[in-house]
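J.: Structure of the sequence below:
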Amino acid sequence: MVTRGELRVYLGAAPGVGKTYRMLDEAHRRRDRGADVVIGFAECHGRVLTEAMVDDLETVPRRRVSYRGTVLEEMDLEAVLRRRPQVVLVDELAHTNVPGSGNAERRQDIEVLLEAGITVLSTLNIQHLESLNDVVEQITGVRQRETVPDAWVRGADQIELVDMTPEALRRRLAHGNVYAAEKIDASLSDYFRAGNLSALRELALLWLAGRVDAELEQYRSEHGVTDTWEARERLVVALTGGPEGETLIRRAARIAQRGRGADLLAVHVARSDGLTGADPALLARQRLLVESLGGTYHQVLGEDVPRALIAFARGVNATQLVLGAGRRGRIARVFSPGIGATTTALSGAIDVHLVTHEQVGVRTRARAVGPVSRRRRLAACALALMALLSVGFGLGFATDEANLASGVVLVFATVTVVALVGGLWPALLASVCGSALLNLLYTEPYFTLTVAHPQSLLALAGFVVVAVSVSLVVDQAARRTREAAQAGAEAQILATVAGNVLRGSRPLEALMERLLETFSFTSVALLERRAGAVGGPEHRRDPRDWTVVAAAVRDGEKSCRAPAQGDIDVPVDDRLTLVVRGREPEAADRRVIEAFAAQAAVALRQERLAREAATVKPLAEADRMRTALLSAVSHDLRAPLASAKASVTSLRSREVNFGEEDREGLLAMADESLDQLTRLVTDLLDMSRLQAGVLGVGLESLPLRESVFAALEQFDGEAAAVVRVDVPEELPEVRADPGLLDRVLANVVGNALRFSPAGEPPAVSASWVGDTVEVLVIDHGPGIPEEDRERMFVPFQRLGDTDTGTGLGLGLALSQGFAEAMGGSLTPGSTPGGGLTMRLVLRAAGPDRSDPALPAA
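T.: Residues are numbered from 1 along each chain as shown. Just a heads-up that it's a prediction; the model follows:
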């Protein structure tokens with residue numbers, strides 16, 4: 001069985017930091033130690049120092065592939081496997097192989113080499129990691145099409161960061177050690193801005209730090225290490241769900257800020273039965289606060305709170321634990337040291353911070369869920385009296401101690417039933433009255449409260465103790481049952497609330513409707529205080545100080561426009577208040593309403609973020625277009641300008657006497673350069689007119705056959721001669737603008753010529769159905785995947801085109817815009833057998849057809 005090879009990845013923040021050079025340096029070191037090292041693929045990018053490192057290493061010849069009329073070089077995987085070295089260098093791990101290769105991506109080639117037992121050294125830039133793709137696009141304005149899954153890279157045996165400061169990298173770029181001279185200015189002002197490089201460098205450092213942290217956790221788990229290793233500051237703040245939670249969170253955040261890079265985690269320990277818990281509304285607000293401060297929220301189950309906290313802290317390798325000072329009274333502290341003291345005793349190497357707050361010493365009573373109503377207590381008292389009288393009548397009021405045992409059993413049953421119906425106090429009343437009845441009827445002397453025999457007194461005292469104990473147990477069991485039922489109902493309501501926030505395009509409105517329906521209110525409104533509004537009693541009554549963010553009302557009702565207009569109002573934060581009207585909710589319901597209010601704030605934030613994102617997206621797109629335009633203009637306009645300038649300067653020079661042939665050549669070069677410059681500027685102006693909707697279109701009736709041949713005349717004779725044209729002479733004329741139609745046909749046919757393989761020239765055919773004429777431009781080149789076809793028409797990009805010196809990437813974008821401006825369309829399709837077919841549809845002209853007035857496109 002072949003042992004799998006090792007993968008070593010050199011990770012960099014940006015091109016030019018020295019990844020390939022460092023890989024080659026490692027190759028030299030291994031070769032000098034006697035290892036068999038070859039280069040499978042190394043891209044030097046014209047860098048002299050890198051090329052010098054390649055010269056004395058064995059290189060496996062590359063495989064040459066023809067793609068879209070261009071010959072490209074790829075790593076020859078089969079040749080490397082036949083050579084079977086110990087170590088192979090494969091540069092640019094994220095590279096996508098040319099279509100038709102054995103594997104779609106270079107990392108798959110690397111996987112084959114690793115399975116063959118060959119060690120691979122490779123390189124990768126941070127922008128090619130899948131998880132960071134959108135972040136890099138936001139920073140640089142450039143979206144990377146070639147990405148690698150993070151999990152695959154994390155699986156490498158070694159990852160080495162090749163680091164360089166932004167200033168040093170910009171100096172390298174300025175000195176020509178990264179890109180060619182003509183690309184330096186554009187790169188320094190675009191991708192290689194100091195801010196971009198700093199952000200990319202931080203991403204690389206943080207990503208690698210995360211991998212190192214995961215490796216450390218794996219090591220600790222494999223070796224059973226439970227002690228805290230202070231490799232990285234990590235703070236855990238314990239939340240009880242009380243009002244002091246926000247103070248603890250802010251205090252912990254300040255402690256974390258003192259050590260840059262420290263993690264903040266908040267944890268709440270809940271009882272496993274889920275019955276005696278914290279206020280969910282307070283926990284929801286505290287969770288939002290933690291997340292807004294860059295932390296994470298966690299919830300664990302545990303009966304022993306201190307041990308659960310310590311177990312969680314050690315599990316995440318926390319270095320510090322922040323607790324609130326206890327709210328226990330002095331007497332309670334005598335019997336138990338409290339959570340803070342117990343946690344400190346168990347903490348070991350974890351530092352424990354006890355933070356004081358306003359709630360210190362303030363005891364909060366456990367909530368009485370589902371209290372027994374006054375009517376039920378009165379009914380239970382009446383039941384107790386009737387049952388005790390029934391006991392007396394049932395036993396016949398016989399004054400006989402022999403009936404004492406039966407009386408005790410019946411009174412016990414009465415106390416139990418009364419406790420179930422009316423709770424503790426009616427049961428206590430029943431036990432006292434029952435003991436008196438037993439004393440009067442069944443102990444000597446009869447019909448008095450005097451007890452003659454000490455044994456009877458002991459029996460009555462025992463009965464009272466047992467009866468009170470039974471009533472306490474039964475009352476507690478009944479309360480726990482009611483707590484469980486209400487907790488289940490609250491959990492179902494809150495789960496529905498969370499579902500409404502997560503689902504739908506308008507979660508806030510759905511949440512308001514749900515609150516209205518759940519509690520049968522007549523009006524529910526989320527109000528936001530206007531900026532500049534002054535607090536006070538009048539402020540709560542003045543609708544001018546408030547804005548209705550969202551509301552739900554029943555038919556015929558009006559929404560509350562100020563907090564004072566509702567039955568209750570629940571403040572969410574300094575600016576938001578939830579106001580309800582229709583009935584006064586019970587105390588237990590207010591907790592759930594507060595949870596609704598907290599979730600309403602979350603939903604409002606989501607909606608506003610979505611609106612901001614929708615607003616920013618066009619701006620980001622415009623910025624991307626602007627960046628692409630500047631990059632394209634700086635590159636594509638510089639060449640013809642420089643050529644024309646050089647020709648004119650040479651002709652004006654008095655130091656050189658040019659012959660007639662040389663003068664003609666320089667004039668022709670200047671003329672060709674200015675023509676190219678004119679075409680580029682014309683394309684830019686036309687694209688701006690299209691986007692602004694002011695392109696003038698003059699429709700005429702044109703013979704399509706003549707337009708096709710006129711477009712072919714723009715190419716050299718040899719290229720135009722190979723195009724097969726099948727345009728019937730009887731084809732009806734089309735309604736089109738002569739200049740625009742000529743440019744559309746020239747652009748589309750030019751692309752077909754460019755990508756058609758030798759021996760398979762493109763074809764142009766036309767047909768008509770009804771009042772539409774269809775032109776097909778067919779090539780048998782590599783084609784374009786269906787998922788990429790919409791991007792064909794995006795300005796300032798060349799899909800799969802490595803030749804960046806022939807235009808701004810506006811041809812297809814302009815062609816589609818021109819076709820639509822003429823009332824037609826331009827769409828791509830697949831050629832049977834392989835290739836791309838462009839379908840141009842125009843309106844046919846005729847004597848009985850009248851054209852509607854076309855506005856400026």
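
J.: So in this structure, where's the weakest helix or strand by average pLDDT?
T.: The least trusted helix or strand in the chain, going by mean pLDDT, DSSP states H and E, turns out to be helix 330-335, with a mean of 58.

J.: What are the boundaries of the helices in the stretch 301-450 of the chain?
T.: 305-315, 330-335, 339-346, 374-394, 404-422, 424-442 (DSSP state H, counting those that start in this stretch).

J.: who are the neighbours in contact with the closest residue to Gly833 other than its chain neighbours?
T.: Counting by Cβ to Cβ, 6 or more residues apart in numbering, His780 is the residue found nearest to Gly833 once chain neighbours are left out, at 6.7 Å. Where C-beta positions appear, they are placed from N, C-alpha and C, glycine not excepted. Under the criterion of Cβ atoms under 8 Å, 6 or more residues apart in numbering, the contact list for His780 reads Ser756, Pro757, Glu760, Pro762, Thr831, Gly833, Gly834, Gly835.

J.: 10 Å - rerun?
T.: Contacts here follow Cβ atoms under 10 Å, 6 or more residues apart in numbering; on that basis His780 touches 752, 755-757, 759-763, 831-837.

J.: any idea which of the helices of the stretch 301-450 of the chain scores lowest on pLDDT?
T.: Note on the helices of the stretch 301-450 of the chain: helix 330-335 shows the lowest mean pLDDT, a mean of 58.

J.: Stretch 126-141 - what's its average pLDDT?
T.: 85.

J.: Mind listing what's buried along it?
T.: Taking 16 or more other Cβ atoms under 10 Å as the neighbour-count basis, stretch 126-141 is seen to contain the buried residues Ile126, Gln127, His128, Leu129, Leu132, Asn133, Val136, Ile139, Thr140, Gly141.

J.: what's the most distant pair in those?
T.: Taking Cβ to Cβ, the two most distant members of the buried residues of stretch 126-141 are Leu129 and Gly141; they sit 17.8 Å apart.

J.: now the end-to-end length of stretch 61-74.
T.: Here the two ends of stretch 61-74 are set 9 Å apart, with distance taken as Cα to Cα, to the nearest Å.

J.: A helix includes Thr212, no?
T.: Heads up, residue 212 is Val, not Thr. Yes. With DSSP: H, G, I helix; E, B strand; the rest coil as the criterion, Val212 is assigned to a helix.

J.: sorry, back to before: nearest to Arg554 among the buried residues of stretch 126-141?
T.: Within the set of the buried residues of stretch 126-141, Asn133 lies nearest Arg554; the separation is 48.2 Å, counting by Cβ to Cβ.

J.: was I right about the closest one contacting Asn125?
T.: No. Counting by Cβ atoms under 10 Å, Asn133 sits too far from Asn125 to count as a contact (11.6 Å).

J.: shared neighbours of those two, which are they?
T.: Residues touching both Asn133 and Asn125 comprise Gln144, Glu146, with contact defined as Cβ under 10 Å, 6+ apart.

J.: Hmm, Thr547 is touching Ser559, no?
T.: No. Using Cβ under 10 Å, Thr547 and Ser559 do not qualify as a contacting pair, with a distance of 11.7 Å.

J.: which residues do those two both contact?
T.: Applying Cβ under 10 Å, 6+ apart, one finds that Thr547 and Ser559 are jointly contacted by Leu527.

J.: Between these two, which is the more surrounded one?
T.: For Thr547 versus Ser559, neighbours defined as other Cβ atoms under 10 Å are more numerous around Ser559 (18 against 15).

J.: still on that earlier bit, I'd like to know which of the contacts of His780 are buried.
T.: When neighbours are counted using 16+ other Cβ under 10 Å, the contacts of His780 contain these buried positions: Ala752, Phe755, Ser756, Pro757, Pro761, Pro762, Ala763, Thr831, Gly835, Leu836, Thr837.

J.: From the residues you listed, pick the one nearest Leu248.
T.: Leu836 (63.0 Å).

J.: partners of that closest one in the sheet?
T.: Applying DSSP bridges to Leu836 gives these bridge partners: Ser830.

J.: what do you get for the one 4 residues further on?
T.: When assigned by DSSP bridges, Leu840 has beta-bridge partners Val775, Leu826.

J.: Tell me the predicted confidence for it.
T.: 93.

J.: Pull the contacting residues for it.
T.: When contacts are counted by Cβ under 10 Å, 6+ apart, Leu840 is found next to 704, 734, 736, 741, 744-745, 748, 764, 766, 773-777, 815-816, 819, 822, 824-827.

J.: What's the local residue count around Ala168?
T.: Residue neighbour count, defined by other Cβ under 10 Å, stands at 14 for Ala168.

J.: Phe412 too?
T.: Residue neighbour count, defined by other Cβ under 10 Å, stands at 17 for Phe412.

J.: Equivalent analysis for Asp56, please.
T.: Counted by other Cβ under 10 Å, the residues lying close to Asp56 total 8.
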